[in-house]
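Asks: pasting the sequence and the predicted model now:
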Amino acid sequence: MSRMDPPPPPPPLNDMPVADVIVEPWYQGKCITPKVGRLMEALDLERINIAKELNIDVRTIYEHFSWSFHVPLETPLGKDEKSGQDGETMRPLSVSEMNQQMHYYKKNDVLGPTDPESRYVIEDVPYGLVLTVILGRLLNCPASLHESGIHILSAMYGRDFLVENVLLQGLGLIDDDGLNVEAYSMQEWKEMARLGYFRE
């Protein structure tokens, strides 16, 4: 639950890189607009809510960006009228604002993928997002945005990312009918987390 999947969304869908086309470099942080940032915040809230149901304390997406990229969590609300200095009242930075600081001030922004077969999709979707969806269903805490994203990317790539995780197939959590959320009880999940394996 501490993984920061999904990764930052790619550029608009019609600008997604395609095979055999040279794509100019683009920066992930710079492309996190306010609307994209709000989507990321909503996705993160689904992850946080699932973690709470499991009584797991995980860092937020805000803490991730602050600790990983050395940008502040807060910014002064305004300037003091008398001194002209930043006031003492602070407000939280949004995900978009944190990413803009990464790009323009900290200069530690990272380049996004230019290959449509990037691990950001091919690996992170079936091996990162799908388990979040399974846990959400099992806990009656649905990760609707995560699941919608999986379906959208599946349609774009002409494949079903929801059932491609061979590890989950081996555990019986994916069968011919799709996700088999009821393969294990929550008590069995907790025991697996403690032991490192499911009992036969």
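Replies: That came through, no problem.

Asks: residue 62 touches residue 72, doesn't it?
Replies: No. At 10.1 Å, residue 62 and residue 72 do not qualify as touching, with contact defined as C-beta atoms under 8 Å. For the C-beta atoms, the positions are set from N, CA and C on the backbone; glycine is no exception.

Asks: for the protein, which segments count as strands?
Replies: 74-76, 90-92, 174-175, 178-179 (DSSP state E).

Asks: can you put those in JSON lines and add mean pLDDT, mean neighbour count and distance to residue 51?
Replies: Shown next, in JSON lines, are the strands of the chain (pLDDT from 0 to 100; neighbours: other C-beta atoms under 10 Å; distance: least, C-beta to C-beta, whole Å):
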{"stretch": "strand 74-76", "mean pLDDT": "87", "mean neighbour count": "14", "distance to residue 51": "23"}
{"stretch": "strand 90-92", "mean pLDDT": "87", "mean neighbour count": "12", "distance to residue 51": "20"}
{"stretch": "strand 174-175", "mean pLDDT": "88", "mean neighbour count": "18", "distance to residue 51": "23"}
{"stretch": "strand 178-179", "mean pLDDT": "88", "mean neighbour count": "14", "distance to residue 51": "20"}
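
Asks: out of the ones you listed, which comes closest to residue 113?
Replies: strand 174-175 (25.8 Å; C-beta to C-beta).

Asks: so where is the chain shaky, pLDDT-wise?
Replies: 1-23, 78-87, 199-200 (pLDDT under 70).

Asks: need the contact partners of the longest helix anywhere in it.
Replies: Ranked by residue count and defined by DSSP state H, the top helix of the chain is helix 34-53. Helix 34-53 is contacted from outside by 1, 6, 8-9, 32, 57-58, 60-61, 94-97, 99, 132, 135-136, 139, 141-146, 149, using C-beta atoms under 8 Å, 6 or more residues apart in numbering.

Asks: chain center to that helix: distance?
Replies: Chain-centre distance of helix 34-53: 8 Å, with C-alpha atoms, centre = their mean, to the nearest Å.

Asks: and for stretch 31-42?
Replies: On C-alpha atoms, centre = their mean, the centre of stretch 31-42 falls 11 Å from that of its chain.
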